[in-house]
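Novice: build the 3D model from these lines:
(2 chains)
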Amino acid sequence: MIAEKYAAEIKTILAKYPSDQKRSAVMPLLYLAMRDGGYVTKGEMIEIGEILDITPTEVASLIGFYTLYYDQPEGTIRIQVCNDLPCALRGADEFLDKLCENLGIQVGETTPDGSVTVEAVMCLAACDKAPMFQVQTSEGLAYHEEQTLSSALEVIEAMRKPDTPS
Amino acid sequence: MTELILLRHRQIPDLNQLAVYRQHGGFEAFQKAVTSMNPYDVTDQVKNSGLRGRGGAGFPTGLKWTFIDYENWPHYVVANADESEPGTFKDREIMEGNPFQFLEGVALAAFAIEAKEAYIYLRGEFWQIAEVLDRQIAELEAAGLLGENLFDTDYSLRIYTHLGAGAYICGEETALLESMEGKLGQPRLRPPFPPSYGLYGKPTVVNNVETLTNVPYIISRGADWYTSIGTEKSTGPKVFSLSGRVNKPGNYELPLGTTFRELIFEHGGGIPEGKEIKAIMAAGASSSLIVANEEALDTPMDYESVPNVGGALGSASVIVIDESVSIDWVLRKTLHFFSHESCGKCTPCREGTFWMRHIIDRIHDGKADWSDVELLNEVALQIQGKCLCALGEFSIEAVTSGIERFEADFRVKAVSSGE
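Specialist: Numbers count the residues shown, from 1 in each chain, chains lettered A, B, ... in the order given. Prediction:
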């Protein structure tokens, strides 16, 4: 349960907002909940609602609205390729297709070992460095810019075997 | 070499270190303001500088600050770091390279409207930037540049970061405020505007990152110095994000009023593979498609001139499209974006972007006839002027201008039943 596990961090987060506006902390708390397993469980939704005096339904609606929150476990490594207009003008669609083909999945799918999900996402504010993707894990987010198929596969391999020096 | 104001880190190594920033005059403007200026003097300077909002709307910044309601307290400053417009990547570079100048700008805005708390709303993808900003804010508190009783006055200020979670709409200022309050990021009905009813219903100024980063220079060097850059009505430097089919995409800090030709061909190195330029989107995916003829290329990029060639400067996110690209494909990309990002609050936008996406897919796949192109245009016109925020409006810019100005591309595609 996040209330005990992250007690100090929750306190710091709540201190950012006026005491009568603690609902503002719902987004940071959802990020905390995602740290374990990369998604928010029903129990955590209830718990966040209790901490902030809002209903679990309200918490769930935010998970549905914002794209970086998940309520389902998928690949532990989410490769999110931007293929919006500026990136696509620099070959992002072809890059995405090749990457998926190489991993043997379709866009939006997870590899059979459950480790990697590849998604097409909207603009990530890195249009001049396309093709690019961000990696979302329970640890957070990281950008990888000016990518080729081989550099992307290297990033993925290094993450699949975190003990291998990269 | 021309002195850079906003992308100063390109000329001063390690400017993202507080010590280096202070060696180069950092936080002198803030100290000067807090110890020797009235808050309204700061606002006056910004007003006289002619600075206009760099997030896209181009609204006069100082004027916005004067709208703050002094009958209602506390006041808040919220920095809009939600940078999500396809083609825009300037605020990210400013926050990574020149973060303290941005933070000093936040502090000056807060002092000007007598706010004791300021928030930086960053898009969730800027998670790493937020972590670094948190450390930098802590450094400023340790150095006595933020916190209680600054410079032995009774002025106190705290700055906090707040992460969004992937929603373009949160760049719209009232949706951003809703999101900060822990709700769905959906725009509010206006008026009232944020300076009278903002965060938690309190008077709030929402300014873009680049806008705020201008402020320390305006205070230290004065409004007259600032107005000497740019044009008469569009003053100051601007970071132009150049992307698409150009040899050297990237951010370019240039005076407002620089021509498209200079940006694209001198700084951006022209079009790859010797191809011809076909169209320009001056304000990211929210743009109309400007026909890239000689007149357009010679147009100064300022708030007054770009409308003369059927566009708007917006956030100055210049996407270059060359002759090998068909405009129906461009529309397919922008409509997929807007239908994904529509927040769902207003029916014309929610339904309209959905149907426009389906129609353009049909056209792009060669399964449509000319009546579908007309239908697409009609749906677009039904969205116009009927939504609470600009997203609906933005979604049709490329559609209506693209069909009107690049009709031939659609004639080629819309052939399935012989027209």
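Novice: okay, residue 98: pLDDT?
Specialist: Went with chain A since none was named. Confidence per residue is given as pLDDT, and for residue A:98 that number is 97.
Novice: try again with chain B
Specialist: Taking residue B:98 on its own, its pLDDT is 98.
Novice: pick out the residue closest to the middle of the chain.
Specialist: Since no chain was named, I'll use chain A. With distances taken as Cα atoms, centre = their mean, chain A has residue A:136 as the residue nearest its mean C-alpha position (3.8 Å).
Novice: that's the other chain; I wanted chain B
Specialist: Mean-position check on chain B, Cα atoms, centre = their mean. Result residue B:55 at 2.3 Å.
Novice: gap between that one and residue B:85?
Specialist: Taking Cβ to Cβ, to the nearest Å as the criterion, residue B:55 is separated from residue B:85 by 9 Å. C-betas here are computed from N, CA, C, even on glycine.
Novice: what does residue A:84 give?
Specialist: Residue A:84 is 10 Å from residue B:85, where distance means Cβ to Cβ.
Novice: in which helix or strand does residue A:63 reside?
Specialist: Mapping residue A:63 onto the secondary structure by DSSP states H and E places it in helix A:56-65.
Novice: quick one: secondary structure of the residue lying closest to residue B:286 once chain neighbours are set aside?
Specialist: What sits nearest to residue B:286 in space, not counting adjacent residues and going by Cβ to Cβ, 6 or more residues apart in numbering or on different chains, is residue B:394, at 3.5 Å. Using DSSP: H, G, I helix; E, B strand; the rest coil as the criterion, the local structure at residue B:394 reads helix.
Novice: what's the neighbour count on residue B:394?
Specialist: Other residues within reach of residue B:394, judged by other Cβ atoms under 10 Å in any protein chain shown, total 28.
Novice: for it, which residues are in contact?
Specialist: Shown here is residue B:394, whose contacts under the criterion Cβ atoms under 8 Å, 6 or more residues apart in numbering or on different chains are B:285, B:286, B:338.
Novice: roughly how far apart are it and residue B:106?
Specialist: 27 Å.
Novice: what does the pLDDT read for the residue of chain A positioned farthest from its centre?
Specialist: Within chain A, residue A:20 marks the point farthest from the mean C-alpha position, 29.8 Å out by Cα atoms, centre = their mean. The score at residue A:20 is 95. That number is its pLDDT.
Novice: how much space separates it from residue A:52?
Specialist: In this view, residue A:20 and residue A:52 are 12 Å apart by Cβ to Cβ.
Novice: which stretches of the chain have low pLDDT?
Specialist: Looking at chain A here, since you left the chain open. A:162-166 (pLDDT under 70).
Novice: not quite, I wanted chain B
Specialist: B:1, B:416-419.
Novice: got the domain boundaries for it?
Specialist: Residue ranges for the structural domains of chain B, counted by automatic domain parsing, are given in the record as B:8-227, B:237-322, B:327-413.
Novice: what residues does the stretch 201-350 of chain B have near chain A?
Specialist: When proximity is defined as Cβ under 8 Å from any Cβ of the partner chain, the stretch 201-350 of chain B approaches chain A at B:241-245, B:249-251, B:285, B:317, B:319-321, B:325, B:330, B:333-334, B:337, B:340-341, B:343.
Novice: just checking, residue B:324 is part of a helix?
Specialist: No - according to three-state DSSP, residue B:324 belongs to no helix; its state is coil.
Novice: quick one: contacts for it?
Specialist: By Cβ under 8 Å, 6+ apart, residue B:324 lies in contact with B:245, B:275.
Novice: got it, and residue B:277?
Specialist: B:245, B:264, B:271, B:292, B:297, B:320, B:321, B:322, B:323.
Novice: show me the contacts for the second one.
Specialist: This means residue B:264. Counting by Cβ under 8 Å, 6+ apart, residue B:264 touches B:242, B:246, B:270, B:271, B:277, B:280, B:297, B:318, B:320.
Novice: can you pull the residues of chain A lying near chain B?
Specialist: Contact residues of chain A with respect to chain B, defined by Cβ under 8 Å from any Cβ, are listed as A:16, A:18, A:21, A:23-28, A:30-31, A:52, A:54, A:61-62, A:65-69, A:84-86, A:88-90, A:121-128, A:130, A:134, A:140-143.
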